[in-house]
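Participant: how would this look folded up:
(one chain, ligands or ions: 1)
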Amino acid sequence: MVREVEKRGMRLGKYELGRTLGEGNFGKVKYARHIDSGQGFAVKILDKKKILDLKISDQIKREIGTLKLLKHPNVVNLHEVLASKTKICMVLEYVNGGELFDRIALKGKFSEAEGRRLFQQLIDGVTYCHDKGVFHRDLKPENVLVDAKGNIKISDFGLSALTQHFRDDGLLHTTCGSPNYVAPEVLANRGYDGATSDLWSCGVILYVILTGYLPFDDRNLAVLYQKIFKGDVQIPKLLSPGAQNLIKRILDPNPCTRISIAEIKTDEWFKQDYFPANPYDEEEDIFIDAEAFSMQGVATDTEKDPGSPTLINAFQLIGMSSCLDLSGFFEKEEASERKIRFTSNILPKDLLEKIEDIVTEMGFRVQKRNGKVCNLVVIEIHLGILWVQLVGR
Ligand code: ADE
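Facilitator: Numbers count the residues shown, from 1 in each chain. As a prediction, this is how the structure comes out:
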């Protein structure tokens, strides 16, 4: 067990912590230097209490267990797992070229030859993990890092328990990022195959690499969902017919007819200049601190208020749309104002109080439009007034 960690210059076992490399859904990632070897690492710092509160410690333990099986040049390698009283620290391979997202933002887009090489590496890393029974479930350019040689390294593979839970908390627009990369069957929450839905996300990433734009985008979340459900995508005619065809085949909203990874590997456009990477074969045993999943001494907050509403997220809400009138959700972009819609498992009364406190402090006047109580809150900024509405069934 190591002392409390987080601040720059602090020690974490044999590592000295440095700058923050990123701040993900489930905690910070910091640079760390191994004191003896001087080698750089990235440390993902997870909050034990959060994991305990989400009741996913067994799942995380299992997932971290499977991560040690992943050894591939296109997948970020897990070196060891350490723990403090309140944190779980995953010591990962340090990837020094930043996020693919930043590369695209800098360049605008990649040429087809460069883009194909990146996509081939992405598919290699993804296939390797799938073959080990590990699915990502949150593939997006922010989770795809690039090393100094311009090679792809996928991060956060195997952390789907974290991904799923942070997606399920209902706060889609903040904690969970945007659903632009999420497959329609995942959004619909109809039960899905991890491999097929990861492949959809790879298709979205390929589109972004080659065009610099998202294939599905809209300021209005509900309109965005509709576009994804329909596979409503404009593919630039400037792309070669081979690239256009492959993107179309991957972004098929029907997971049953969507191209498979095996079929991608026989695709003419994909096969050009393809040199598949070989997985590393050494079986290094990684160290996992026994304290990592001990919750002794960690403050707990596991009692659930029996009166609290059932947790429901926006994906589930849309999946249930046959029994709920969601027509108000599917307005046209032109008609939409600046709205944030989210679901929450906090009691509506408490949630409203919290929102009122915060927005009053921000200088807004709060007016409540009453509806029957349900756990759907609509916040609108309209004519300079912040409207908070509880929507009844
Ligand atoms: N940001 C998140 N994970 C990282 C890693 N493994 N290396 C460098 N930066 C990162």
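Participant: near the ligand, which residues of this structure?
Facilitator: For the chain, the residues in contact with the ligand (CB under 6 Å from any ligand atom) are 21-22, 29, 42, 76, 92-95, 145, 155. Glycine gets a C-beta too; all of them are placed from N, C-alpha and C.
Participant: low pLDDT regions in the stretch 251-393 of the chain?
Facilitator: Applying pLDDT under 70 to the stretch 251-393 of the chain flags the ranges 281-345, 348, 359, 361-393.
Participant: give me the buried subset of the residues of the chain next to the ligand.
Facilitator: Neighbour-count burial within the residues of the chain next to the ligand applies to 21, 29, 42, 76, 92-95, 145, 155; the criterion is 16 or more other CB atoms under 10 Å.
Participant: just the ones of these in strands?
Facilitator: Of these, the ones assigned to strands by DSSP state E are 21, 29, 42, 92-93, 145.
Participant: three-state assignment of the residue lying closest to Lys354 once chain neighbours are set aside?
Facilitator: Spatially, and ignoring its direct neighbours in sequence, Lys354 is nearest to Ile346 (7.5 Å; CB to CB, 6 or more residues apart in numbering). Counting by DSSP: H, G, I helix; E, B strand; the rest coil, the backbone at Ile346 sits in coil.
Participant: residues near Ile346, how many?
Facilitator: For Ile346, the neighbour count with other CB atoms under 10 Å is 16.
Participant: also Tyr128?
Facilitator: 22.
Participant: mind listing what it touches?
Facilitator: Contact analysis of Tyr128 by CB atoms under 8 Å, 6 or more residues apart in numbering lists 70, 72, 74-75, 279.
Participant: which one of those is nearest to the ligand?
Facilitator: Of all those, Val75 has the smallest distance to the ligand: 10.5 Å, by CB to the nearest ligand atom.
Participant: and the one residue in the chain that gets nearest to the ligand, bridged to which residues?
Facilitator: With CB to the nearest ligand atom as the measure, Ala42 is the residue of the chain nearest to the ligand, at 3.3 Å. Using DSSP bridges, the beta-bridge partners of Ala42 come out as Tyr31, Leu92.
Participant: in a helix, Pro215, correct?
Facilitator: No - assigned with three-state DSSP, Pro215 falls outside any helix and is coil.
Participant: before we move on, the earlier item: JSON lines for the buried ones among the residues of the chain next to the ligand, including pLDDT?
Facilitator: As requested, these are arranged in JSON lines below (pLDDT from 0 to 100):
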{"residue": "Leu21", "pLDDT": "91"}
{"residue": "Val29", "pLDDT": "91"}
{"residue": "Ala42", "pLDDT": "95"}
{"residue": "Val76", "pLDDT": "94"}
{"residue": "Leu92", "pLDDT": "94"}
{"residue": "Glu93", "pLDDT": "95"}
{"residue": "Tyr94", "pLDDT": "97"}
{"residue": "Val95", "pLDDT": "96"}
{"residue": "Leu145", "pLDDT": "96"}
{"residue": "Ser155", "pLDDT": "90"}
